[in-house]
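Enquirer: Based on what follows, work out the 3D shape:
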Amino acid sequence: MRQFVIDTEPDSKGLVNLTGKDYRYIRQVLRLNVGDMIKAAVKDRTVDATLCRIDESKKIITLQLCDTQKKITNNADKTDSARITNNACVTNNARPEFYLLQFIPKPQKMELIIRQAVEEGVSVIIPVIGEYTQKGSEKSLTKKTSSDTERHDRMTRSDRIERIIKEARQQSGSPVETKVFEPVNLKDALEIIKDKVDHTNEENKKSVCISLYERNEDSVSVFEAVGRQKKEGSIGFAVCAVGSEGGISPDEIQLLKNAGFSTVHLDVNILRCETASLYGMAVLQTAVLEGNVWQLNE
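Expert: Numbering: from 1, shown residues only. Take a look at the predicted model:
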């Protein structure tokens with residue numbers, strides 16, 4: 001079911017006024033009228049909302065929020081490393097959390113990858129500046145600036161990413177408030193993953209870490225990687241690393257292996273990086289979320 005993502009908290013009466021693009025989305029895309037109900041995502045919860053008033057002259061829609069139906073915990077603890085400003089731990093007791101560790105491709109492809117990951121319910125996307133990342137591609141994701149012109153350009157890009165996330169959540173109905181971190185190098189990205197794995201261990205749950213790789217040596221299937229951890233207990237966290245257009249370098253693969261990642265070679269046709277990201281995450285989610293209906297042959 002489609003949902004509407006509300007960026008602001010309601011007032012004391014549970015009312016929210018919508019204008020601009022939100023007004024047009026409700027009226028022209030969803031085609032709602034007074035009295036219609038819609039699922040609304042407000043920060044950390046999903047609620048029913050009733051369209052109680054439409055002011056056609058001022059282009060304002062008023063929604064009345066009903067009781068909270070579902071609360072989603074998506075809080076983050078910041079890592080202690082001075083080099084990393086991203087949120088390291090996002091928790092959700094309802095189901096395992098999924099992270100995408102994406103080596104940065106060209107901006108247009110990265111935007112598609114973000115949209116698809118949001119629709120899949122990925123909690124966190126960590127853009128990685130890899131050896132094969134094309135020079136300047138990371139600028140479409142970073143908010144750091146050195147001039148007023150750059151600041152304006154970066155804010156515009158940041159707004160675009162936020163809009164992509166919002167539209168994808170509304171289209172797919174995903175209850176997960178997907179976060180896109182600032183671009184980091186692989187070592188810093190692995191520190192973020194380590195913090196998350198440690199946090200998951202503290203909750204007596206297991207983690208699955210895989211990296212898609214175009215070579216077959218030393219690789220396992222996704223189900224093998226998941227099955228090994230499933231034997232030890234319930235899985236609370238899973239992450240998939242996917243390369244950019246040039247893939248992942250041998251040195252980077254070794255770093256991933258040293259950090260506990262299993263390399264996975266998908267026995268399919270050659271995939272573009274944006275297709276590999278969607279395919280790999282979908283297979284990982286299927287293996288983890290349907291772990292009670294399959295088992296490895298001994």
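
Enquirer: does Q170 sit in a helix, a strand or a coil?
Expert: Following DSSP: H, G, I helix; E, B strand; the rest coil, the label given to Q170 is helix.

Enquirer: what's in contact with stretch 55-62?
Expert: 15-20, 22-23, 26-27, 51-54 (C-beta atoms under 8 Å, 6 or more residues apart in numbering). C-betas here are computed from N, CA, C, even on glycine.

Enquirer: go with 7 Å
Expert: Residues from elsewhere that reach stretch 55-62 (C-beta atoms under 7 Å, 6 or more residues apart in numbering): 15, 17-19, 23, 26, 51-54.

Enquirer: Just the buried residues of these.
Expert: If you count burial by 16 or more other C-beta atoms under 10 Å, the buried members of those come out as 17-18, 23, 26, 51, 54.

Enquirer: from those residues, which single one is nearest Q171?
Expert: I26 (14.3 Å; C-beta to C-beta).

Enquirer: give me every residue that touches V5.
Expert: Contacts of V5 by C-beta under 7 Å, 6+ apart are 41, 166, 169-170.

Enquirer: rerun that using 8 Å as the cut-off
Expert: Per C-beta under 8 Å, 6+ apart, neighbours of V5: 40-41, 166, 169-170.

Enquirer: Tabulate the CA atom coordinates of stretch 202-213 in PDB.
Expert: Provided in PDB are the C-alpha atoms of stretch 202-213 (Å, rounded to 0.1, in the frame of the first residue of the first chain):
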ATOM      1  CA  GLU A 202      25.300  -7.600  22.300                       C
ATOM      2  CA  GLU A 203      21.700  -8.400  21.500                       C
ATOM      3  CA  ASN A 204      22.600 -12.100  21.200                       C
ATOM      4  CA  LYS A 205      21.900 -12.100  17.500                       C
ATOM      5  CA  LYS A 206      24.100 -12.900  14.500                       C
ATOM      6  CA  SER A 207      25.300 -10.900  11.500                       C
ATOM      7  CA  VAL A 208      25.700 -11.900   7.900                       C
ATOM      8  CA  CYS A 209      28.300  -9.900   5.800                       C
ATOM      9  CA  ILE A 210      28.600 -10.700   2.100                       C
ATOM     10  CA  SER A 211      30.400  -9.000  -0.800                       C
ATOM     11  CA  LEU A 212      29.400  -9.600  -4.400                       C
ATOM     12  CA  TYR A 213      32.500 -10.600  -6.500                       C
END
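
Enquirer: so how far is it from its chain's centroid?
Expert: 16 Å (C-alpha atoms, centre = their mean, to the nearest Å).

Enquirer: for that stretch, which positions count as buried?
Expert: Neighbour-count burial for stretch 202-213 flags 205-213 (criterion: 16+ other C-beta under 10 Å).

Enquirer: Just send the buried ones among the contacts of stretch 55-62 back as JSON lines, with distance to Q108, secondary structure and pLDDT too.
Expert: Output for the buried ones among the contacts of stretch 55-62, formatted as JSON lines (distance: C-beta to C-beta, whole Å; DSSP: H, G, I helix; E, B strand; the rest coil; pLDDT from 0 to 100):
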{"residue": "N17", "distance to Q108": "35", "secondary structure": "strand", "pLDDT": "91"}
{"residue": "L18", "distance to Q108": "30", "secondary structure": "strand", "pLDDT": "90"}
{"residue": "Y23", "distance to Q108": "29", "secondary structure": "helix", "pLDDT": "89"}
{"residue": "I26", "distance to Q108": "29", "secondary structure": "helix", "pLDDT": "88"}
{"residue": "L51", "distance to Q108": "35", "secondary structure": "strand", "pLDDT": "89"}
{"residue": "I54", "distance to Q108": "36", "secondary structure": "strand", "pLDDT": "92"}
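
Enquirer: and those residues as a markdown table, adding distance to P250?
Expert: As requested, the buried ones among the contacts of stretch 55-62 are arranged in a markdown table below (distance: C-beta to C-beta, whole Å):
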| residue | distance to P250 |
| --- | --- |
| N17 | 55 |
| L18 | 51 |
| Y23 | 52 |
| I26 | 51 |
| L51 | 56 |
| I54 | 59 |
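
Enquirer: Of these, which is the nearest to E119?
Expert: For the buried ones among the contacts of stretch 55-62, the nearest to E119 is I26 (20.7 Å; C-beta to C-beta).

Enquirer: Hmm, L18 and that closest one touching each other?
Expert: Yes: when contacts are counted by C-beta atoms under 8 Å, I26 is listed as touching L18 (6.3 Å).

Enquirer: coming back round to it: top of the contacts of V5 by neighbour count?
Expert: A41 (24 neighbours; other C-beta atoms under 10 Å).

Enquirer: which residues of this protein fall in strands?
Expert: Ranges of strands in the chain, per DSSP state E, are 3-6, 15-18, 37-42, 45-55, 60-71, 76-78, 87-90, 97-103, 124-129, 179-180, 184-185, 206-212, 235-242, 262-264.
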